[in-house]
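> sequence-free structure coming up:
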């Protein structure tokens, strides 16, 4: 068998995809409950951090990018989001944005002087060639209303809020919260580097990993580097927010198969092309790829045939892996695959090639 039929795709959707959906949904409910309890306890001890229950307070403003991605993810799952702070990267890997408090009135400064910090939060005196490899900072002067706590030496250096220092403080508070909430049997902190705190979480079905990232949610602010989508023939009017809202709210109202196509390709990615707990390509990459495909193929006719749509998205993914290039959908100058493992990308591209040669072997 070299090809697959619509019946084969329906079988995959009704069995493998739906089974994954139920498993991830159940796991996510448990992870969300645990993380709400832990971050609420952290917030009591250190008011600079908020519970994830408060995440996305300003998410009705569609210009808040984390909320946009969360709502998009929810639509692709076919249900409402559990929490705008949680993103499912793989069935066993979750990304959790922990909102911070006390940094209000952000205004992007016209002049910007580069400063450099190591992953441990130490300041470098001499510049490096690629500052994006190091963790950036926020200037306190950029906020009209920054509370005194953020000027503390535990998180700031000479007026710069340093992410590595913030993460160190958050990690210490999280360790205490795990004990206070009697969750030591369910949650354990893993070795971490950079701007995340990694934890292992025991759920009723399996052990999963969560990466917690302290996050500044900016109200009514969209980075200048981030462009809005180009407006193609069948897209809404030039009003930016309306463009995104309509896209999110009616992904398949025209009778298309975008969501089903995405879910099948995601299943193939997780089962065949790029399995494991730390894949080189995550759901975030696939969502970005689908964004680009929705823009390139905006017409309803382009999404009527599920068979053709799956193969088209698989070919696009193969091209990205082979060229090691996937442009960020909003920050167009950023390549999401710039620092990924090239050997893993090559292995994935090879597996997709085998799939494209005999897709019926994998979908039946």
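Good, I have the coordinates. Bear in mind the structure is a predicted one, so any value in this text is a computation, not a measurement.

> for the biggest strand by length in the chain, packing partners?
Secondary structure assigned by DSSP state E gives strand 207-215 as the longest strand of the chain. If contacts are counted by 3 or more CB pairs under 8 Å, 6 or more residues apart in numbering; DSSP states H and E, strand 207-215 sits against helix 18-45, strand 93-99, helix 163-180, strand 197-202. Bear in mind the C-beta positions are built from the backbone N, C-alpha and C, glycine included.

> hmm, who's touching the last one?
With CB atoms under 8 Å, 6 or more residues apart in numbering as the contact definition, strand 197-202 has outside contacts at 30-31, 34, 167, 170-171, 174, 185-192, 207-213.

> restricted to buried residues, select the residues you listed in PyMOL.
Buried members of the contacts of strand 197-202, defined by 16 or more other CB atoms under 10 Å, are picked up in PyMOL with:
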select buried, resi 30+31+34+167+170+171+174+186+187+208+209+210+211+212+213
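
> picking up where we left off before, dump the helices and strands packed on strand 207-215 to JSON lines, plus mean pLDDT.
Output for these, formatted as JSON lines (pLDDT from 0 to 100):
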{"stretch": "helix 18-45", "mean pLDDT": "93"}
{"stretch": "strand 93-99", "mean pLDDT": "90"}
{"stretch": "helix 163-180", "mean pLDDT": "93"}
{"stretch": "strand 197-202", "mean pLDDT": "96"}
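
> most tightly packed of these?
strand 93-99 (a mean of 22; mean count of other CB atoms under 10 Å).

> relative to helix 18-45, how tilted is it?
With axes from the mean of the first three to the mean of the last three CA atoms, to 10 degrees defining the directions, strand 93-99 sits at 30 degrees from helix 18-45.

> helices or strands up against strand 93-99?
helix 18-45, strand 86-90, strand 207-215.

> could you rerun that using 10 Å?
Where contact means 3 or more CB pairs under 10 Å, 6 or more residues apart in numbering; DSSP states H and E, strand 93-99 is packed against helix 18-45, helix 65-77, strand 86-90, helix 163-180, strand 197-202, strand 207-215, helix 283-296.

> each with direction, which strands does whatever helix or strand comes next after that strand pair with?
Counting by DSSP states H and E, the next helix or strand C-terminal to strand 93-99 is strand 103-106. The pairing partners recorded for strand 103-106 under DSSP bridges are strand 143-146 (antiparallel).

> once you drop chain neighbours, what's closest to the residue positioned nearest the centre of the chain?
Compute the mean C-alpha point of the chain, and by CA atoms, centre = their mean the closest residue is residue 284, 5.0 Å away. What sits nearest to residue 284 in space, not counting adjacent residues and going by CB to CB, 6 or more residues apart in numbering, is residue 89, at 6.1 Å.

> got the contact list for that neighbour?
By CB atoms under 10 Å, 6 or more residues apart in numbering, the contact set of residue 89 is 73, 95, 209-211, 277-279, 281-285.

> tilt between the helix or strand hosting residue 311 and helix 283-296?
Residue 311 belongs to helix 306-323 when assigned by DSSP H and E. Orientation check (the same axes, to 10 degrees): helix 306-323 against helix 283-296 gives 120 degrees.

> and the next helix or strand past helix 306-323?
Downstream of helix 306-323, the next assigned helix or strand under DSSP H and E is helix 342-357.

> so what secondary structure elements neighbour that next one?
Counting by 3+ CB pairs under 10 Å, 6+ apart, helix 342-357 packs on helix 258-268, helix 306-323.

> before we move on, the earlier item: including distance to residue 253, could the helices and strands packed on strand 207-215 go into JSON lines?
Shown next, in JSON lines, are the helices and strands packed on strand 207-215 (distance: least, CB to CB, whole Å):
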{"stretch": "helix 18-45", "distance to residue 253": "21"}
{"stretch": "strand 93-99", "distance to residue 253": "29"}
{"stretch": "helix 163-180", "distance to residue 253": "40"}
{"stretch": "strand 197-202", "distance to residue 253": "36"}
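
> apart from its chain neighbours, what residue comes closest to residue 200?
residue 188 (5.0 Å).

> on that earlier part again, format the helices and strands packed on strand 93-99 as CSV; extra columns: distance to residue 11.
Formatted as CSV, the helices and strands packed on strand 93-99 follow (distance: least, CB to CB, whole Å):
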stretch, distance to residue 11
helix 18-45, 11
helix 65-77, 20
strand 86-90, 23
helix 163-180, 43
strand 197-202, 32
strand 207-215, 27
helix 283-296, 21
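
> and of the helices and strands packed on strand 207-215, who's closest to residue 8?
Closest to residue 8 of those, according to CB to CB: helix 18-45, at 15.1 Å.

> helices and strands around that closest one, which ones?
Contacts defined by 3+ CB pairs under 10 Å, 6+ apart place helix 18-45 against helix 65-77, strand 86-90, strand 93-99, helix 163-180, strand 187-189, strand 197-202, strand 207-215, helix 258-268.
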